[in-house]
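> Sequence first, then the predicted structure, then my questions.
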Amino acid sequence: MIAPQPRDDTLELIGNTPLVLLQGPSEAAGCEIYGKCEFANPGASVKDRAALGIIRDAEASGELKPGGTVVEGTAGNTGIGIALVANALGYKTIIVMPDNQSQEKMDTLRALGAKLVLVPPTKFADPCHFVHTSRRLAEETEGAIWANQFDNTANRKVHIETTAAELWEQMDGKIDGFTCAAGTGGTIAGVGLGLKSFDETVQIALTDPHGAALYSYFADGELKSEGSSVAEGIGQGRITGNLEGAPIDTQFRISDEEGLVWVARLLREEGLCLGLSSGINVAGAIALGQHLIAEGRENPRVATILCDTGFRYLSSLYNAEWLEKKGLPVFEWLK
């Protein structure tokens, strides 16, 4: 194994994450399932990429000036990425977050020096929604920009240029399908567009949690949600700027319970401690692999995103009392 070359800049540590063959999911699907280890980024999530892309884009346009402030509304991981990138580049950070997100995310943001503003969770149509609150704060703060991760296509662009290109190279151009859930839509749209620029036959599938509306949109053309999910940072009820034109070929709806099965198995069998969004993504990748086999593809190879570390959810996902309160199965070793 060849060790990575030294980096000249800490921001160069973002991206170029490892890709791993997942044994249990591959066996379940009957084909090769790969996970892109985005928890290996400095901020321990895939959102480091969006943070760097958005900030670099704002610098290039002249909107973000030296000593300025980056304001964003986020479920947490994008905020963590922004705080780290902003620290490295000499900017201040203000993060607006729903107050029902994990305590670990709140503690991390404060530890990184971000100013944290917590608001009650509410529907997007409500002016008090965390996204609208962050936009107003950006307008009211001198020298500030609004990152606007949901509709700022610098988010999508960074996945076209980095994540998709990395997957193509790591899999030697032999990739039949890619899937992940959508929060902003930047990852699935960017990776999808990037992979299809290499090979139009790569199938891009949306993996949607219950409570989100995109599954029905891509299946039937109607934004309609069913059920609910406790997964943080994924699930969307509108077509964001990043999702416009996303090349979605098929779609799957995955329950929290099914995602938790893979969170548990990947931890106990393969030593990966992940969040629920990763478990949902893996379940979707298995579904996509089986779908491709049913379509007649021989030995398809499918990739997905392992979004973030499970260490960010010790007070929730890995807490027996929390799981019981949510009506979710408790991992055997926590009982």
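Cool, got the structure.
> The chain: strands as residue ranges?
Taking DSSP state E as the test, the strands found in the chain are 19-21, 32-37, 69-73, 92-98, 115-119, 144-146, 177-180, 203-209, 250-254, 301-306.
> Give me the below-cutoff pLDDT ranges for the protein.
1 (pLDDT under 70).
> ok, longest helix in it?
Determined from DSSP state H, the single longest helix within the chain is helix 276-294.
> And it, how far out from the chain middle?
Centroid separation between helix 276-294 and its chain, computed with C-alpha atoms, centre = their mean, to the nearest Å, is 15 Å.
> buried residues in it?
276-293 (16 or more other C-beta atoms under 10 Å). Every residue, glycine included, has its C-beta placed from N, CA and C.
> before we move on, back to that, please convert the strands of the chain to TSV, extending it with mean neighbour count.
Shown next, in TSV, are the strands of the chain (neighbours: other C-beta atoms under 10 Å):
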stretch	mean neighbour count
strand 19-21	14
strand 32-37	23
strand 69-73	26
strand 92-98	23
strand 115-119	17
strand 144-146	21
strand 177-180	30
strand 203-209	26
strand 250-254	21
strand 301-306	28
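> Please convert these to a markdown table, extending it with distance to Lys326.
A markdown table is the format used below for the strands of the chain (distance: least, C-beta to C-beta, whole Å):
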| stretch | distance to Lys326 |
| --- | --- |
| strand 19-21 | 29 |
| strand 32-37 | 25 |
| strand 69-73 | 24 |
| strand 92-98 | 16 |
| strand 115-119 | 20 |
| strand 144-146 | 33 |
| strand 177-180 | 23 |
| strand 203-209 | 14 |
| strand 250-254 | 16 |
| strand 301-306 | 22 |
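> Of those strands, which is nearest Leu323?
Taking C-beta to C-beta, strand 203-209 is the member of the strands of the chain nearest to Leu323, at 16.3 Å.
> who does the closest one pair up with?
Strand pairing for strand 203-209, using DSSP bridges, gives strand 177-180 (parallel), strand 250-254 (parallel).
> how near is the residue nearest to Ile234 when sequence neighbours are not counted to Ile160?
In space, Ile234 comes closest to Ala181 once its chain neighbours are excluded; the distance is 3.9 Å by C-beta to C-beta, 6 or more residues apart in numbering. Using C-beta to C-beta, to the nearest Å, one obtains 18 Å as the distance from Ala181 to Ile160.
> Please say which of these two ends up with more neighbours.
When neighbours are counted by other C-beta atoms under 10 Å, Ala181 and Ile160 differ, and Ala181 comes out ahead with 31 against 20.
> so how far is Phe39 from the closest residue to Leu272 other than its chain neighbours?
Nearest residue to Leu272 in three dimensions, chain neighbours excluded: Leu266, at 4.5 Å (C-beta to C-beta, 6+ apart). Noted for Leu266: a distance of 12 Å to Phe39, by C-beta to C-beta.
> Spell out which residues are contacts of both of these two.
Here Leu266 and Phe39 have Leu274 as joint contacts, going by C-beta atoms under 8 Å, 6 or more residues apart in numbering.
> Now do the residue nearest to Ile234 against Cys128, distance only.
Ala181 is 25 Å from Cys128, by C-beta to C-beta.
> Next: Tyr91.
26 Å.
> Those two: which is more packed in?
The neighbour comparison of Tyr91 against Cys128 (other C-beta under 10 Å) goes to Tyr91, with 23 against 12.
> residues contacting that one?
Counting by C-beta under 8 Å, 6+ apart, Tyr91 touches 55, 64, 67-70.
> from these, which two are the most distant?
Spanning the widest gap among these are Ile55 and Gly67, at 13.6 Å by C-beta to C-beta.
> higher neighbour count, those two?
Ile55 (24 against 9).
> was I right about the more buried one contacting Leu89?
Yes: between Ile55 and Leu89 there is a contact under C-beta atoms under 8 Å: 6.7 Å.
> My read is that the residue nearest to Ile234 contacts Gln251, right?
No: applying C-beta under 8 Å as the test, Ala181 and Gln251 come out as separate, 10.6 Å apart.
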